[in-house]
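Asks: Predicted model, plus sequence, below.
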Amino acid sequence: MKNIIITGGYGQLGIACKKDLKNSFNTLITGSNTFREGVKLDITNRNDIARVYSDFKPDVVLNLAAMTNVDECDRDKIGANKINIEGVENLCENFKGHFIQLSTDYVFDGLSGPYNELDEVNPISHYGKTKLEAENWLKNNYSNSTILRANVLYSYTKRTKASFVKWVVDSLKNNKEINVVNDQWNNPTWTESISFVIKNIINIGLTGLYNYGDKDFMCRYDFAILISKIFNLDETLIKPIKTSNLNQVAKRPLKSGLKTEKIESRLGIVPNSVEDCLRKISNNLTK
């Protein structure tokens, strides 16, 4: 049975991966801050990495650790570089196994999406630049690696606040009016969809660069409206807004999203529809 370390394991995708992988592999959940079941691992600290590697002897490292706050990455470029680029280099330095790196559609400029793996990259935020630099470093220095790009990951868990779905549902349940952009297009992806993909990647040792997103391309406003319908909440509380009205520090790709034909053919999978995923989440919450 393979030993798998999951970095950044307390985020919404880490929680889904732990659930999906724990019965098939020996999994170690790590994070810069830990809860009862995990191990502390700061990927910017080489001594931390050496200690965890020595104790656990991983066959696979699944790197979900990152500075993902897009505006904060623009404010603190040194900190973003340290985590998103140097952290990847640190994890690979004394490791010879299968390295899986979670990347993002933010490596594209969002002018002509959705994108496939051969489309030209052109990040417009520092976050996107750091993730692209990590991709390039792996391509040039670590052949036994998988780069998996994702976009708009969502779930509904008590522990994480990063999920768009959780934000919409909790806001509407509290009768709070929310502004949602209607000019950002993606294919929103359930964390359990992509954790299933990751499990298949590990099972066959698939390497290379791949995109994964669920089936449907939609703007963020339409996604929020669909959430309200599935969860039987008041959609009139959702107000459309343009990205430019938010006055955010970092630029966002607008017409983005990821084409998935390459990984579909390699793994023999069919992406889920957003509606089906939301219904499963809603049904689980009512059990």
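Replies: Cool, the structure landed. Numbers count the residues shown, from 1 in each chain.

Asks: Any buried residues in stretch 100-113, and which?
Replies: Ile100, Gln101, Leu102, Ser103, Thr104, Asp105, Tyr106, Val107, Phe108, Asp109, Gly110, Gly113 (16 or more other C-beta atoms under 10 Å). In short, each C-beta sits where N, CA and C put it, glycine included.

Asks: Kindly report the same for stretch 202-211.
Replies: So, applying 16+ other C-beta under 10 Å, buried residues of stretch 202-211: Ile202, Leu206, Thr207, Leu209, Tyr210, Asn211.

Asks: Just put these in JSON lines and tack on distance to Glu117.
Replies: As requested, these are exported to JSON lines (distance: C-beta to C-beta, whole Å):
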{"residue": "Ile202", "distance to Glu117": "20"}
{"residue": "Leu206", "distance to Glu117": "13"}
{"residue": "Thr207", "distance to Glu117": "13"}
{"residue": "Leu209", "distance to Glu117": "5"}
{"residue": "Tyr210", "distance to Glu117": "7"}
{"residue": "Asn211", "distance to Glu117": "6"}
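
Asks: Those residues: which two are farthest apart?
Replies: The span of these, defined through C-beta to C-beta, is set by Ile202 and Asn211 at 17.8 Å.

Asks: low pLDDT regions in the stretch 151-287 of the chain?
Replies: 287 (pLDDT under 70).

Asks: residue ranges for the helices of it, please.
Replies: In the stretch 151-287 of the chain, the segments counted as helices under DSSP state H, counting those that start in this stretch are 164-173, 191-204, 220-230, 261-267, 274-285.

Asks: Tell me which of these lies nearest to Asp55.
Replies: helix 191-204 (20.6 Å).

Asks: quick one, strands of the protein?
Replies: 3-7, 26-31, 39-40, 60-63, 98-104, 145-150, 153-154, 178-181, 185-186, 189-190, 208-211, 218-219, 238-241 (DSSP state E).

Asks: Would you list the strands that the second one pairs with, along with their directions?
Replies: Using DSSP bridges, strand 26-31 pairs in its sheet with strand 3-7 (parallel), strand 39-40 (parallel).

Asks: Next, format the helices of the stretch 151-287 of the chain as TSV and append distance to Pro58.
Replies: Supplementary listing: the helices of the stretch 151-287 of the chain in TSV, determined by distance: least, C-beta to C-beta, whole Å:
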stretch	distance to Pro58
helix 164-173	30
helix 191-204	12
helix 220-230	36
helix 261-267	22
helix 274-285	30
